Each structure stands twice: as structure tokens, then as C-alpha cells.
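Asker: with the sequence up front, the predicted model follows.
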Amino acid sequence: MDPSTARLVTSADGLSLIDSLPPYSEPDALSLGAGLRKAGADGQSVAAAMTQSRLRAAARSKFGEFADGMLFTQDGLEQATRLSVAALHATRFREAGCTRIADLTAGIGADAMAASALGLPVVAFELDEATALIADHNLRHWPETQVVHADSIKTLNAPGAVAALGIDGIFADPARRNARGRRHDPKDYSPALDAVLALREMVPELGVKVGPAIDHDAIPTDVEAQWVSVDGSVVEASLWSGKLARFIGHTALVISDGQAHHLEGTTDRAPEGALAEYIYEPDGAVIRSGLVGEVAATIGAHLVDPSIAYLTCDSEMATPFARGYRVLDSLPYSVKRLASALHAREVGIVDIKKRGIDITPERLRPQLKLRGDAHAMVILTRIAGRHQALIVEPLDRH
């Protein structure tokens, strides 16, 4: 979004037009836009309003009903922290005793909104002018929070800046993508991770989001590194220092059905052993954090293969950190063997999970030539170094 468009959508007339639109519907968008132009609205205003309507609809998965009063950029929405997770960030700062936070990379203002809602004023830096205008609109309800269109790293590194701003906590969500895609090397973040972490010398209480796939060797040893999943999907990883760290080392936060479950411990590997009656797939946040061994110890399980994050044991165990299955059948993998086993069970519909094996479920499914009324789940993986097909039954979640 360019600054002129941002000024347009944040104007009184622009907001009035956006708010007058019906709930967004892709099939009706073209005719609605044509109708607005026919009624006298200029093309630029209509295009901008329709874009905001579309983005608001997409934003409801992250922001719920708050999305209806917000403005967005496409990139800002994609990178924005969902409000439920942003609230967890803000809670850390409040519990650490912080009174005024610098958000180095405010984006559309999601994290600053959550902190402000908890009574923590924010100095929200944003380098892009258009995005700063959008953030200023989204933070309009909190007069003690200010949006600053400036380079946050340069500003805070200036002599006396931290004291002058009254900052005692820092948060950053560096950009991790550009026109060529995601940037996995922390040196390529914007701002670079090292530049953000260096601010700990002035303000020890610092939190920074990083890519979930970050190399563990790139993580400082004196911080809490936490991976977060929501309903089975890994949504972020972050580093916390000073009083913001609740545990020095790796942690996982698994949020499922609105309930939060915390896991911490060592990244020691789990033992290996033969496939047993039950197999467990650790949550993505557990896998990314390297805490599979902690889950294994909790449920008395071991790995089925040294390079695959599947655990197995002889008992049905309840854990929020892994999805469990009862193994009904296990056979060396081949399309013919698997098809025969499924035909014997009169399976007509199959869900396929795979890990550690170069197979595309969408291509495999028609090759099985299934027929029947039964529904089955298949796990394709490596066990003791060999490709294996498991027909499994999901366990009820506890």
C-alpha cells in the first residue's frame, strides 16, 4: 500500500465508505464495486474500500470481531500476531513489571493493541509510512500509545533515547519475508536479529519473534525460546530475555480448544525402540522446540526411528502435547501391499499422514483404487530405517 492510499482509507470519507459496505463476498465484489462507481464514488476510493473489506473478512480468524473496526495492509495482516497470542505477549510484559514498551516493528499494530488494552503504553515504531498510518488508526483508542514513523534501531541507539522515551521493555517482530519469499537466516531479518538482541544491553526485558524454523544454534543460551501452536498449527516462535523469561531454555506452548498447555525441559533425544501398540505424533510446537524427549519421558514412550518424531508405547496415554493412534496393522510400504490391506478392510475413504517418506498423498490415493464404505487413517513413515505403512485408529482426545 502506498501512503496516498493509506491516507485515503484513514480519512473520514474513506472510513465511512468502508463501514457502509456489506459483509465481503467474493462473487458479489465486482458488481458491488460497479454499483458504487455508478452511484458516484471515484474508482480509487472504491478499490481501496473493497480491498479493506476483503482484508477485514480475512482478518477475523486472527482478530475476531475487532477486525471490523481495523484497517490492514496485505503484508501487515499476513505477519500480524493473532490477538489471542498478542495478549500472551502483553501479559509477559505486565508480569515483568514493565510500564512502557517500545514495539520496534509495529506493523498494523496488533501487539501494541494487546499491550495497550492491558494498560501498558507503547511507543510503536514503524518504518513504512503507509503502514504507520494504518497502525495509528488501529491504535486510536489508546491516547497514551503513540505511533512513530522512524527507524527504531537507529532511534533507540541514539544517546539518551531510551531514557527520554521512558522505555523499560522492548518487543520486535522483524520482517522475515521479501519479494523472493521467507528469509530463514536471522541475519536477513529486518531488522537483523543480532541488532535487536543487542538492545538488551540497554533494556534487558526484550522479546522478539523469530521464524519457527530457526536453527537452535542461532538462539542465545540465556533466553527462553518458546514455540507456540494453536489448534495444531505452529503460529510463531519467540525469544524472551530478562524478567520476561519464565524459563531459561526451550519451551512449547500448545493452545488447543482455548486451553493453554506449557512444556519445558531439555532437548535431550528420546530413546529408540520397536513399534508398539500405540503411536503418538507430537505437536508441531513440541517438535520445533526439540522437546520430543520430554513428551516421551512423560508418557513412557520411545522413538520409532532416530530421525522421525513419532513416539510409540504399549499403553494409551493422555497428553495435550501429542496426538495418539492405536496401530491396527503395520506392513512394509508398497502401493500394492497397502491397497490389499485396505481392500480387506473394505475401506473407501482414507486419510493419509506421512513423515520421512517422499510420497504425495494426493497422488497415492487414486493409485489405491479404494472401494467400500469404511473410513481409515494411514501413517506412512520410516521405522528402524525402513518405509512402513501403518493403518491406525485415532484415539479420543482427553
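Answerer: Perfect, thanks for sending it. Numbers count the residues shown, from 1 in each chain.

Asker: what's the pLDDT at the closest residue to residue 52 other than its chain neighbours?
Answerer: Counting by C-beta to C-beta, 6 or more residues apart in numbering, residue 52 lies nearest to residue 18, which is 4.9 Å off, once chain neighbours are set aside. The C-beta positions use only the backbone N, C-alpha and C, and glycine is treated the same way. Model confidence at residue 18, given as pLDDT, is 90.

Asker: okay, now residue 18: neighbour count?
Answerer: Around residue 18 there are 20 other residues, counting by other C-beta atoms under 10 Å.

Asker: renumber starting at 20 from here on
Answerer: Happy to do that; since the first residue is 20 now, the last one works out to residue 37.

Asker: which elements pack onto the helix or strand containing it?
Answerer: In this assignment (DSSP states H and E), residue 37 forms part of helix 31-39. Other elements packing on helix 31-39 under the criterion 3 or more C-beta pairs under 8 Å, 6 or more residues apart in numbering; DSSP states H and E are helix 22-29, helix 62-82.

Asker: now render these as a markdown table, adding distance to residue 402.
Answerer: Output for the helices and strands packed on helix 31-39, formatted as a markdown table (distance: least, C-beta to C-beta, whole Å):
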| stretch | distance to residue 402 |
| --- | --- |
| helix 22-29 | 55 |
| helix 62-82 | 37 |
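
Asker: residue 152 is nearest to which of these?
Answerer: Closest approach to residue 152 among these (C-beta to C-beta): helix 22-29, 4.0 Å.

Asker: nearest residue to residue 338 other than its sequence neighbours?
Answerer: Nearest to residue 338 is residue 318, by C-beta to C-beta, 6+ apart, at 5.5 Å.

Asker: please report the distance of the one you found from residue 65.
Answerer: The spacing between residue 318 and residue 65, counted by C-beta to C-beta, to the nearest Å, is 57 Å.

Asker: with residue 258 instead?
Answerer: To residue 65, residue 258 is 43 Å away according to C-beta to C-beta.

Asker: next: residue 299.
Answerer: 53 Å.

Asker: again with residue 119
Answerer: As for residue 119, its distance to residue 65 is 41 Å (criterion: C-beta to C-beta).

Asker: then residue 321?
Answerer: 61 Å.

Asker: enumerate every residue touching residue 253.
Answerer: 231, 246, 247, 303, 304, 307 (C-beta atoms under 8 Å, 6 or more residues apart in numbering).

Asker: name the helix or strand of this protein that has the lowest mean pLDDT.
Answerer: The helix or strand of the chain with the poorest confidence is strand 200-201; it has a mean of 58 (mean pLDDT, DSSP states H and E).

Asker: tell me the first helix or strand C-terminal of that strand.
Answerer: helix 212-216.

Asker: that following helix: what's the following helix or strand?
Answerer: For helix 212-216, the following helix or strand on the C-terminal side (DSSP H and E) is strand 225-229.

Asker: direction included, what does that following strand pair against?
Answerer: Sheet partners assigned to strand 225-229 using DSSP bridges are listed as strand 188-191 (parallel), strand 252-259 (antiparallel).

Asker: what lies in contact with that strand?
Answerer: Strand 225-229 is contacted from outside by 100, 108, 111-112, 188-193, 195, 205, 208, 212, 215-216, 218-219, 238, 255-261, 263, using C-beta under 8 Å, 6+ apart.

Asker: now stretch 402-416, how far from the centre of its chain.
Answerer: Distance of stretch 402-416 from the chain centroid (C-alpha atoms, centre = their mean, to the nearest Å) equals 27 Å.

Asker: pull out the buried residues from that stretch.
Answerer: Buried residues in stretch 402-416, counted by 16 or more other C-beta atoms under 10 Å: 402, 406, 407, 408, 409, 410, 411, 414.

Asker: which residues touch the residue most central in space within the chain?
Answerer: By C-alpha atoms, centre = their mean, the chain has its centre lying nearest to residue 254, at 1.3 Å. With contact set as C-beta under 8 Å, 6+ apart, residue 254 has these partners: 101, 104, 247, 248.

Asker: give me the neighbour count for the third one.
Answerer: The local packing count at residue 247 equals 28, with neighbours defined by other C-beta under 10 Å.

Asker: and it, backbone torsions?
Answerer: For residue 247, the backbone dihedrals (degrees, to the nearest 10) come out as phi -120, psi 130.

Asker: find the residue closest to it in space, skipping its chain neighbours.
Answerer: Of all residues not flanking residue 247 in the chain, residue 272 sits nearest, at 4.6 Å (C-beta to C-beta, 6+ apart).

Asker: residue 397 too?
Answerer: Spatial nearest neighbour of residue 397, excluding adjacent residues (C-beta to C-beta, 6+ apart): residue 371 at 5.1 Å.

Asker: I'd guessed that neighbour sits against residue 383; true?
Answerer: Yes. Between residue 371 and residue 383 a contact is recorded at 6.4 Å, counting by C-beta atoms under 8 Å.

Asker: and the contacts of residue 254, which of them are in strands?
Answerer: Those of the contacts of residue 254 mapping onto strands are 247, 248, per DSSP state E.
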